[in-house]
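[1] what shape does this take:
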Amino acid sequence: MRAPLDAALPFLPPLPPADPMAPGPFALADADRVRSILHDAGFASVTIDPFGALIGSGDIEQTLALSFKVGPLGSALREHPQQKANVVDAVREVLTRYATPAGVLMPAAVWIVLAHNENPL
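    All right, here's what the predicted structure looks like:
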């Protein structure tokens, strides 16, 4: 989600800093925050392990369309829809770097989280 935004940034007005606590795909990026939320909810023995994967959403044009709707670039373009035409070529170019025969596949990082409820029903 970051690569399309980075490609578009030179063509967008300055954007406010992202709120790491705001709802969305990065809201649980901080492992300590995840651990705290689970602990406060009554979970113990929390383990959090990073997991890398390749994710995709289709060919270049499908991925381009998706990147204009979701994630940080989608959010920026909802605020500045008049800039969409200005960023298309730059975003398409960055997506081509990740094109494979199986479609656009980009690296992603997620947490694998395991926890045990201290107070089961």
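[2] tell me which residues in stretch 87-102 are buried?
    87, 90-92, 94-95, 98 (16 or more other Cβ atoms under 10 Å). Using the backbone N, CA and C atoms, a C-beta is placed for each residue, glycine as well.
[3] neighbouring contacts of it?
    Residues outside stretch 87-102 that contact it (Cβ atoms under 8 Å, 6 or more residues apart in numbering): 3-4, 6-8, 10-12, 56, 59-60, 63-64, 67-68, 73, 77, 104-106.
[4] quick one: average confidence on that stretch?
    Mean pLDDT, computed over stretch 87-102, is 97.
[5] one more: stretch 108-121?
    pLDDT averaged over stretch 108-121 gives 86.
[6] okay, it in CSV with CA atoms only?
    The C-alpha atoms that make up stretch 108-121 are tabulated as CSV, following Å, rounded to 0.1, in the frame of the first residue of the first chain:
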residue,chain,number,x,y,z
ALA,A,108,3.6,-7.4,2.7
ALA,A,109,4.3,-7.7,6.4
VAL,A,110,1.8,-9.0,8.9
TRP,A,111,1.8,-10.3,12.4
ILE,A,112,1.0,-13.8,13.4
VAL,A,113,-0.6,-13.3,16.9
LEU,A,114,-1.3,-16.1,19.4
ALA,A,115,-2.9,-15.4,22.8
HIS,A,116,-4.8,-17.4,25.4
ASN,A,117,-7.8,-16.1,27.2
GLU,A,118,-7.2,-16.1,31.0
ASN,A,119,-10.9,-16.1,31.7
PRO,A,120,-12.7,-18.5,29.3
LEU,A,121,-16.5,-18.6,29.5
